[in-house]
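Undergrad: Give me coordinates for this.
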Amino acid sequence: MEDYPFSMLITALLLIGNWWLASRVSYARGKFARENNSEGFDHSAQIYMQTDFMHIFRNHANFHEHLMVFLPVFWLSAICYSDLLAAFFGSLFLFGRAMYAKNYPTSHRAGFLISLFSFFILLIGVAVKAIYIITDK
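TA: Predicted structure coming up:
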């Protein structure tokens, strides 16, 4: 793993971001339960009717959904090409997801597009490398 210090750092930062957004969901559950004077409210289906809670919940869910498809492509890129190249696009992805989280739900499109761009660049790179390896034999 000593060959991938930048990829390790980006992965750690992405996981910290995921944890931070998850902690916001946990806090929001308690907050909205207190506001509704109901201890069971935070784990009932009723909480999903709260617009403010849903913004926090979906913000984390969107981050998590994208993280799960990004990490494999990110690490394959680091292995196939270079740690620094993968870290550059990983940083771009992280920046885009941070913009997305900060501006959700009103103006998150730019953050989404930045993170999507970095994902697709890495995905195309991995696919090209796989095709090259397959056809080079």
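
Undergrad: okay, CA-based contacts and neighbour counts for the rest of this
TA: Will do.

Undergrad: Determine the next helix or strand in the C-terminal direction from the helix or strand of the chain with the lowest mean pLDDT.
TA: Least confident element among the helices and strands of the chain, by mean pLDDT, DSSP states H and E: helix 5-35 (a mean of 92). Beyond helix 5-35 on the C-terminal side, the first helix or strand identified by DSSP states H and E is helix 51-80.

Undergrad: Remind me what that following helix packs against, helices and strands.
TA: Packing partners of helix 51-80 (3 or more Cα pairs under 8 Å, 6 or more residues apart in numbering; DSSP states H and E): helix 5-35, helix 83-103, helix 109-135.

Undergrad: between it and helix 5-35, how big is the angle?
TA: Put simply, helix 51-80 runs at 170 degrees to helix 5-35, going by axes from the mean of the first three to the mean of the last three Cα atoms, to 10 degrees.

Undergrad: and the angle from helix 51-80 to helix 83-103?
TA: 170 degrees.
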